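Asks: Need a 3D model of the following:
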Amino acid sequence: MASTSITVEHMARVEGHGDIRLVIEGGQVTTCEMAVVEPARLFESMVRRRSYEEVPYIASRVCGICSSSHVVTDLRAIEAVFGVEVSDRTEALRELLVYGSFLQNHATHLFVFAAPDFLGHKSVFPLADVNPELLQKALGLKALGNELCTLVGGRSIHPITAVVGGFTHEIEPAEYLRLADAMDRARPFALECVDLFRDFDTLDVQTEGDLLAMVAPGAYPVCTSDTARFVRAGYDFAVDAVEEEIEEYPQHSSAAFLARARRTGRPYLTAALARVNASWDALCKDARYAAAKAGLRPPEYNPFANNIAQAVELVDVLDRCAALCRRLAADDFAGPSAPVPFTVCAGRGVGFTEAPRGALFHILDLDGEGRVERASILTPTAQNIANLEADMAQLAEKMVDADYDEAMIRLEIEKLVRAYDPCLSCSVH
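Replies: Modelled structure (predicted):
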C-alpha cells in the first residue's frame with residue numbers, strides 16, 4: 001500500500017464519541033490520531049466553592065459505569081485533607097462498591113463492545129441471535145454488579161450511602177450471604193470467558209509505553225493503597241506526588257488532555273492489563289490459573305491482551321467479593337461502618353483508586369470551611385490516549401509492511417481501540 005487515508009467517524013462500540021484519522025504516505029504512517037470530539041463537561045469547575053459534602057455526588061456523574069470509583073476516590077481525597085482514618089469494615093464495603101463497577105464494566109465491554117469484533121459481527125445484536133445463552137450469561141454478570149452496587153451503595157449508579165468516614169447504611173448478614181452464593185454461581189461462566197477470549201486471534205503488538213497501576217505488598221489493591229507503580233520503568237511514587245509524576249498536556253486533535261510520565265517522558269497504559277502485570281502474584285488462585293492457561297503472564301505488553309486481563313479480573317472479583325461478603329456477614333472486620341467523627345479543615349488531598357478502566361486520581365484543595373478551591377481529575381482514558389495513538393501507529397505500520405488491505409487495517413485499528421476500553425466521555429471531564 002503506497003498512500004491512503006483512513007478515517008473512522010464516530011467510533012462505534014465505545015463509551016462516548018471519538019474519531020480515528022490515519023494517513024499512510026509512501027508506505028509510512030505519517031498521521032495517527034484518536035480524536036476525542038466530546039465537548040468539555042467542566043466537572044472540575046463545577047465543584048468549585050461547593051462543600052465537601054456535595055462533591056462526591058457531583059463527581060460520580062462523570063461516569064455512569066465508574067460512578068462508584070469516582071465517589072470512593074473523592075472520599076479518599078477529602079479524608080486525606082481532614083486526616084480521617086476509616087475502619088477495616090468501611091474499607092471492605094468500599095472494595096465491594098468498586099468491584100461492583102468492575103463486574104458492570106468488564107461484562108459490558110467484553111461481550112457488548114469487544115466480542116463482536118472477533119466473531120465477525122458489526123454489533124452485539126447478531127451475537128444475541130446466534131448465541132443468546134452466551135449473551136444472557138454476560139448480562140447476568142453485569143446485573144450482578146448492578147445488584148452489588150445497589151445493595152452496598154444504595155443504588156446501582158451514583159451511590160448515596162458512602163460518605164466521608166464511613167457508610168450511612170448496611171444490609172443484613174443474610175443479604176451478604178445471598179450475594180456470596182450468587183458470586184460462587186457466576187464463577188464457572190467467568191472462567192469460560194477467559195477461555196473464550198484466549199481463543200480469539202490477535203495481532204502481535206508490543207506497546208512501547210509504560211504501564212501504571214496501584215500496588216501494595218502482597219495485595220491486588222483497588223482502593224486501599226496510596227502507592228502507584230510505573231511497571232516498566234520500575235519505580236513507585238506516593239499518590240500525593242501525582243502532579244509531579246504525571247504531566248497532562250493538550251493536543252490539537254483532541255478535546256481531552258493527554259498524559260505522560262514526567263521522569264521518562266513516555267506515554268503509558270493504565271488498565272486491567274497494567275494491574276495484572278503489577279500484581280500478578282496477588283491474583284486469586286483460580287484467576288491466576290486461568291490467566292496462565294490463557295498465556296497471560298507478566299511481562300505482557302500486547303494491548304490486545306487487555307481483553308483477557310479483564311476476563312481474568314472477572315474471576316478474581318467474584319472470588320474476592322464472595323469472601324468479603326461472607327466476612328462481612330460474620331462481622332469479621334474491625335470497627336463499625338458508621339461514619340467516624342472528623343474536623344473540617346483546609347488542605348490538599350489526593351484520592352486514588354483503580355477504576356475498571358485503570359488508575360483514577362482526584363486532587364482537591366479545600367478551604368477552612370471545607371469548600372473546594374481547586375479540583376483536578378485524571379481519568380484512565382485521558383491517561384491512555386497518548387499510548388493508544390502510539391500503539392495504533394505501530395499496528396498500522398506492521399499491517400502496511402504485511403500488505404494488509406485498507407478494510408483490514410481499519411478493522412484491526414478499531415479492535416485495538418476497543419481493547420483499550422476507552423470512555424471518551426470521561427476523558428473530557
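Asks: Strands of this structure, start to end?
Replies: Counting by DSSP state E, the chain has strands at residues 4-8, 18-25, 28-36, 162-163, 166-167, 210-214, 227-230, 235-238, 246-249, 258-261, 268-269, 347-355, 358-366, 372-378.
Asks: Name the residues of the second one that are buried.
Replies: When neighbours are counted by 16 or more other CB atoms under 10 Å, the buried residues of strand 18-25 are found to be 18, 19, 20, 22, 23, 24. The C-beta positions use only the backbone N, C-alpha and C, and glycine is treated the same way.
Asks: before we move on, what about the last one?
Replies: If you call a residue buried by 16+ other CB under 10 Å, then strand 372-378 has these buried ones: 372, 375, 377, 378.
Asks: Please name the residues that touch the last one.
Replies: Spelled out, that is residue 378. Listed by CB atoms under 8 Å, 6 or more residues apart in numbering, the contact partners of residue 378 are 242, 246, 248, 259, 359, 360, 361.
Asks: Give me the pLDDT for the second one.
Replies: Translated: residue 246. With respect to pLDDT, residue 246 scores 98.
Asks: circling back to that earlier point, list just the nearest of the buried residues of strand 372-378 to residue 238.
Replies: Relative to residue 238, the closest of the buried residues of strand 372-378 is residue 378; by CB to CB it sits at 15.2 Å.
Asks: measure the closest one to residue 98 for me?
Replies: Distance of residue 378 to residue 98, given as CB to CB, to the nearest Å: 17 Å.
Asks: Using CSV, write down the CA coordinates of stretch 361-374.
Replies: Only the C-alpha atoms of stretch 361-374 are listed here, as CSV (Å, rounded to 0.1, in the frame of the first residue of the first chain):
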residue,chain,number,x,y,z
PHE,A,361,-6.9,10.3,40.6
HIS,A,362,-8.8,13.2,42.2
ILE,A,363,-6.9,16.2,43.6
LEU,A,364,-8.8,18.6,45.9
ASP,A,365,-7.8,21.8,47.6
LEU,A,366,-10.3,22.7,50.4
ASP,A,367,-10.6,25.9,52.4
GLY,A,368,-11.2,26.1,56.1
GLU,A,369,-14.9,25.7,55.6
GLY,A,370,-14.4,22.5,53.5
ARG,A,371,-15.3,24.2,50.2
VAL,A,372,-13.4,23.4,47.1
GLU,A,373,-10.8,25.9,45.9
ARG,A,374,-9.3,23.7,43.2
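Asks: and that stretch, which residues are buried?
Replies: 361, 362, 363, 364, 365, 366, 370, 371, 372.
Asks: of the strands of the chain, which approaches residue 87 most closely?
Replies: Comparison of the strands of the chain against residue 87 by CB to CB identifies strand 166-167 as nearest, at 7.0 Å.
Asks: so what does the closest one touch, helix or strand wise?
Replies: With contacts taken as 3 or more CB pairs under 8 Å, 6 or more residues apart in numbering; DSSP states H and E, strand 166-167 sits against helix 88-108.
Asks: And the helix it packs on, how far out from the chain middle?
Replies: Helix 88-108 sits 12 Å away from the centroid of its parent chain (CA atoms, centre = their mean, to the nearest Å).
Asks: name the helices or strands packed onto that helix?
Replies: Contacts defined by 3+ CB pairs under 8 Å, 6+ apart place helix 88-108 against helix 67-82, helix 132-153, strand 162-163, strand 166-167, helix 306-329, strand 347-355.
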